[in-house]
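Trainee: Turn this into a structure:
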Amino acid sequence: MSLLRILLIIIILRIVLSIPDTIIAQLSAELKIKSQIYIGFGKESLDFPSSDDNYPKLVIFKNISEEFKNYHDEPVLLIIRLEKDFDWNLATLDVLRSYLTDRQYNDILLIDEDKENTNSYLDICKAYWNAGFSHLLIYNSRNELWSIKPYPYLQIRPTNLREYIKNRNNRNLMGYPMRVLVTNDPPHCFVDEDELPNSPNRYKGSIATMLKIFADQLNATFQANPFPQFQRYSTGECLQMVRNDEVDACGSIFIRTYEYATSQPVRLNRVVIMAPFGNPIEKFYYFFRPFDMYVWIGTGIIVVYIAVMGSLLHRLHFKEWDVGQYLLLAVQTLLNRELSLPQSSRGSKLMLLLLLFGIGFILCNLYVALLSMMLTTKLYQRPIENLADLKAANVSILLQKHNIKPNSVYGSSEELRERFQLVEESLHLEKRNNLDPSYAYVDSEDRMDFYLYQQKFLRRRRMKKLPNPVGYTWAVQVIKQNWVLEKHYNDHVQRLFETGLQNKLVDDVHELAVKAGFLHFFPTQPQAIEPLRLEDIVMAAMVLGGGHALAGICFLVELFA
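Mentor: As a prediction, the model looks like this:
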C-alpha cells in the first residue's frame, strides 16, 4: 500500500469520525446550549465524541441513578449512545424522565454506532416523544440524520442540521388534537346547550376561550373531553385524567402548588368575600331605631333646658338660684318618677306644667313622626365593609368541598375561619347563584364578579364585594407533565396577559353566560310612587293616640292634685 493511499484513508477516516463532533458543536452554538451531557460512552476520552468547544460537560458511564441526581432546567444537549438492546435504551430514558424536569429546553442527539442495528428508530422516537422529549435527532453509522415529524401523526424522516433547527419550533400543528377537559364551571368554562355538539362555540368561558385561541394560533384542533354529566370536577379528578393520558389540560383555574404540573403563572388571583350589601331591618326593631346617639343628645339638651327654665322661674319668684333641684326634677320626669314641685304659687305651678306638657307633646310628635316615616320607608342595616362588620352582623360564610383546599392554601385567618359554614354543593350553588343576602361567600375575584353581574340593573344591590382581599393565589391551569406544547402555551398566556386580552376575556364571559342561560338578571324594582295603605299608618296612629291620652291624663292629675 502506497504512502499516498494511507494518507487518503487517514484523512477520510478523520473526516468521517469528526462528523459527530461537528454536529454537536453546531447544535450547541445554534441552540445556545449551556451544558452537554454524555450518556452511555466509556471512561476513555476516545470512547465518546469530543469537541474542542468550551461547553461544560457531564460524562456518565455507570451507576446513572446515583450520579445524575441534579436538575438541568436550562438548555441542555444530551448525547446518548444507542444500545443494541431496546430495553437498555428505555432504562436510560427512565433516568432522563426522572431528573430532567423542563424537557422543552432539552435537545437529544442519539448516536447509533452499530452498523448492523436492526432496531426501529420509530419505536425509540415514540418512547422519547411520549416522555415529553420533542427535540430529538438520530445520527447513525451511515452518516445519516433522522428527526421526528410529529404532526399530523408521529413519524421519522431524514433531515439535516439546518432543516432541524428551522423546524424545531414549528407552530403549524396540522390539526393535531389538543385534548381539554371541559365541564360547567363558570366563568372559566361552561357548555352552551343551544350550540351544536360539534360546534367550536359550544364551549365557552375565560379559560376555554384562551385554550381555543391557542389551538387556532398553532393550527391545532380543540378537542373537548367532557367531564361526566358536566359536573364540577376537583383538582384530584383533573390530575387523575391528566396522568392517565386522557387529556392534555384542564379548562379551569387552579391554585399553583409544586405537587403537580401547571402552566406558568402570570396573573395574581385575588380571593375576596361577597357579603350582603345591607339586609332590610325587621319592623319590630323600628321602635328602637329612633333612640340612637342623636336622640340621646337631644334628650340631654331637653333635660338641661328644663333645668335652666325651672331655675329661671325659681329665681324670678324667690330671688335665688336652685339649679340642682330642677335638674333632678327634669331627670325624674324622664324616668316617670313622681314630680314633687316646690312650694310656689298656683300660677307658677301651672306655667311649669304647661311647659313640661308642651315639651312632652313635641317629643311625642317627633318620635311618632320619625316612626311613621320609617314604617313607610324600607330601612337597611349598615353596609358590611370588613370582617368585623361581618361578625357584628352575625353573617356566616358558606363553603363547599371545593373551597376547603384553596382556603388551606392561601391561609385564611382565625377570624375568617370562625365564620365558615360547610354545606352541600347543591345548597351552596343555589344560595350563591341567586345572591342570597342571608349569607356571605368566599372565592376568586373573577368568580365573584361573574355572579355579581346579575344585579347590574338593580337600583339597590343585594350583595357587594368587600374591598380588602383575604388571600392571593396564582391562577394557573393543570397541564400534562412535560407536555410537548408547554413552552408554546406559556408564551401564549404571557402574551395575553401583557396585551390585556386576558382581562378582556374575563369581562366578555359575563354576556356569553347570559346568552347561554348561566346568568339571569334580577328583575328591576319599579320606580313608581305607591300610595299609603291603612296598615302603613295604623301603628303610628295608635302610638300617637295612646301617647296623647297618657299625657292628658298625667296633666290633669298634676293640675288638680
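Trainee: any idea which strand is longest in the chain?
Mentor: What stands out as the longest strand in the chain, according to DSSP state E, is strand 267-276.
Trainee: Check which residues of it are buried.
Mentor: Neighbour counts over strand 267-276 (16 or more other Cβ atoms under 10 Å) mark 269-276 as buried. Every C-beta, even on glycine, is put in place using the N, C-alpha and C of the backbone.
Trainee: do stretch 169-179 as well
Mentor: With the criterion 16+ other Cβ under 10 Å, stretch 169-179 contains buried residues 173, 176, 178-179.
Trainee: Kindly report the same for stretch 111-131.
Mentor: Using 16+ other Cβ under 10 Å as the test for burial, stretch 111-131 gives 111-112, 121, 124-128, 131.
Trainee: Show me these that map onto strands.
Mentor: Counting by DSSP E, the part of the buried residues of stretch 111-131 found in strands is Ile111.
Trainee: quick one: which of the buried residues of stretch 111-131 is nearest Leu100?
Mentor: Using Cβ to Cβ, Ala131 comes nearest to Leu100 of the buried residues of stretch 111-131, at 9.3 Å.
Trainee: so who does the closest one touch?
Mentor: Residues near Ala131 by Cβ atoms under 8 Å, 6 or more residues apart in numbering: 93, 96-97, 103, 482.
Trainee: 6 Å instead?
Mentor: 93, 97 (Cβ atoms under 6 Å, 6 or more residues apart in numbering).
Trainee: circling back: greatest separation within the buried residues of stretch 169-179: which pair is it?
Mentor: Greatest spacing in the buried residues of stretch 169-179, by Cβ to Cβ: Leu173 and Arg179 (12.8 Å).
Trainee: and the closest residue to Lys487 other than its chain neighbours, helix, strand or coil?
Mentor: In space, and not counting its chain neighbours, Lys487 is closest to Gln104: 4.1 Å by Cβ to Cβ, 6 or more residues apart in numbering. What DSSP: H, G, I helix; E, B strand; the rest coil gives for Gln104 is helix.
Trainee: coming back round to it: export the buried residues of strand 267-276 to JSON lines and append columns for distance to Asn433 and pLDDT.
Mentor: Formatted as JSON lines, the buried residues of strand 267-276 follow (distance: Cβ to Cβ, whole Å; pLDDT from 0 to 100):
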{"residue": "Asn269", "distance to Asn433": "20", "pLDDT": "84"}
{"residue": "Arg270", "distance to Asn433": "21", "pLDDT": "88"}
{"residue": "Val271", "distance to Asn433": "19", "pLDDT": "88"}
{"residue": "Val272", "distance to Asn433": "17", "pLDDT": "90"}
{"residue": "Ile273", "distance to Asn433": "17", "pLDDT": "91"}
{"residue": "Met274", "distance to Asn433": "12", "pLDDT": "93"}
{"residue": "Ala275", "distance to Asn433": "16", "pLDDT": "92"}
{"residue": "Pro276", "distance to Asn433": "16", "pLDDT": "91"}
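Trainee: Quick one: neighbours of Ser311, just the number.
Mentor: For Ser311, the neighbour count with other Cβ atoms under 10 Å is 18.
Trainee: repeat for Gly347
Mentor: 9.
Trainee: and it, that one's in a helix?
Mentor: Yes - under three-state DSSP, Gly347 falls within a helix.
Trainee: Distance check, it against Met463.
Mentor: Look at Gly347 and Met463: by Cβ to Cβ, to the nearest Å, they are 64 Å apart.
Trainee: Low-confidence ranges, the stretch 301-450 of the chain, go.
Mentor: Along the stretch 301-450 of the chain, the model assigns pLDDT under 70 to residues 334-346, 349, 357, 367-368, 370-377, 402-412.
Trainee: now with 90?
Mentor: Filtered on pLDDT under 90, the stretch 301-450 of the chain yields the residue ranges 301-395, 398-426, 428-429, 433, 438, 442-444.
Trainee: so the residue nearest to Lys487 sits right up against Leu485, yeah?
Mentor: No - Gln104 is not in contact with Leu485 according to Cβ atoms under 6 Å; the separation is 8.7 Å.
Trainee: more neighbours, the two?
Mentor: Between Gln104 and Leu485, counting by other Cβ under 10 Å, Leu485 is the more crowded of the two (21 against 18).
Trainee: Need the phi and psi values for that one.
Mentor: The phi/psi pair for Leu485 (degrees, to the nearest 10) reads phi -100, psi 10.
Trainee: And the one 5 residues further on, by the same measure?
Mentor: Phi and psi for Asn490, reported as degrees, to the nearest 10, are phi -60, psi -40.
Trainee: who touches it in this structure?
Mentor: Neighbours of Asn490 in contact, by Cβ under 6 Å, 6+ apart: Gln264.
Trainee: Check the gap between it and His520 for me.
Mentor: Going from Asn490 to His520 by Cβ to Cβ gives 37 Å.
Trainee: now Tyr38
Mentor: Tyr38 sits 65 Å away from His520, going by Cβ to Cβ.
Trainee: And for Phe214?
Mentor: Relative to His520, Phe214 is positioned 31 Å away (Cβ to Cβ).
Trainee: Strands of the stretch 451-561 of the chain, start to end?
Mentor: Remark: strands assigned in the stretch 451-561 of the chain by DSSP state E, counting those that start in this stretch are 463-465, 471-476.
Trainee: which residues sit against the longest one?
Mentor: Under the contact criterion Cβ under 6 Å, 6+ apart, strand 471-476 has outside partners 253-256, 262-263, 265, 267-269, 271, 410.
Trainee: quick one: buried residues of that strand?
Mentor: Buried residues in strand 471-476, counted by 16+ other Cβ under 10 Å: 471, 473-476.
Trainee: Pull up the pairing partners for that strand, direction included.
Mentor: Here strand 471-476 is paired, per DSSP bridges, with strand 254-255 (antiparallel), strand 267-276 (antiparallel).
Trainee: who wins for proximity to Ser147 among those?
Mentor: Closest of those to Ser147 is strand 254-255, at 34.8 Å (criterion: Cβ to Cβ).
Trainee: which residue is nearest the centroid of this protein?
Mentor: For the chain, the residue nearest the mean C-alpha position is Ser444 (3.1 Å; Cα atoms, centre = their mean).
Trainee: That one: what's it in contact with?
Mentor: With contacts defined as Cβ under 6 Å, 6+ apart, Ser444 is in contact with Asn269.
Trainee: Backbone dihedrals for it, both of them.
Mentor: Torsion angles at Ser444 (phi, psi; degrees, to the nearest 10) stand at phi -70, psi 150.
Trainee: Save the buried residues of stretch 169-179 as TSV, and put in secondary structure too.
Mentor: Below are the buried residues of stretch 169-179 laid out as TSV (three-state DSSP):
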residue	secondary structure
Leu173	coil
Tyr176	coil
Met178	strand
Arg179	strand
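Trainee: With pLDDT and distance to Gly547 as new columns, can the residues you listed be given to me in CSV?
Mentor: Below are the buried residues of stretch 169-179 laid out as CSV (pLDDT from 0 to 100; distance: Cβ to Cβ, whole Å):
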residue, pLDDT, distance to Gly547
Leu173, 87, 84
Tyr176, 88, 84
Met178, 92, 77
Arg179, 93, 77
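Trainee: Who is Ile273 paired with across the strands?
Mentor: On the basis of DSSP bridges, Ile273 is bridged to Val442.
Trainee: surely it meets Val442?
Mentor: Yes - Ile273 is within contact range of Val442, at 5.1 Å (criterion: Cβ under 6 Å).
Trainee: re earlier: could I get the strands paired with strand 471-476 in JSON lines, plus columns for distance to Gly300?
Mentor: Listed next are the strands paired with strand 471-476 as JSON lines, based on distance: least, Cβ to Cβ, whole Å:
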{"stretch": "strand 254-255", "distance to Gly300": "56"}
{"stretch": "strand 267-276", "distance to Gly300": "34"}
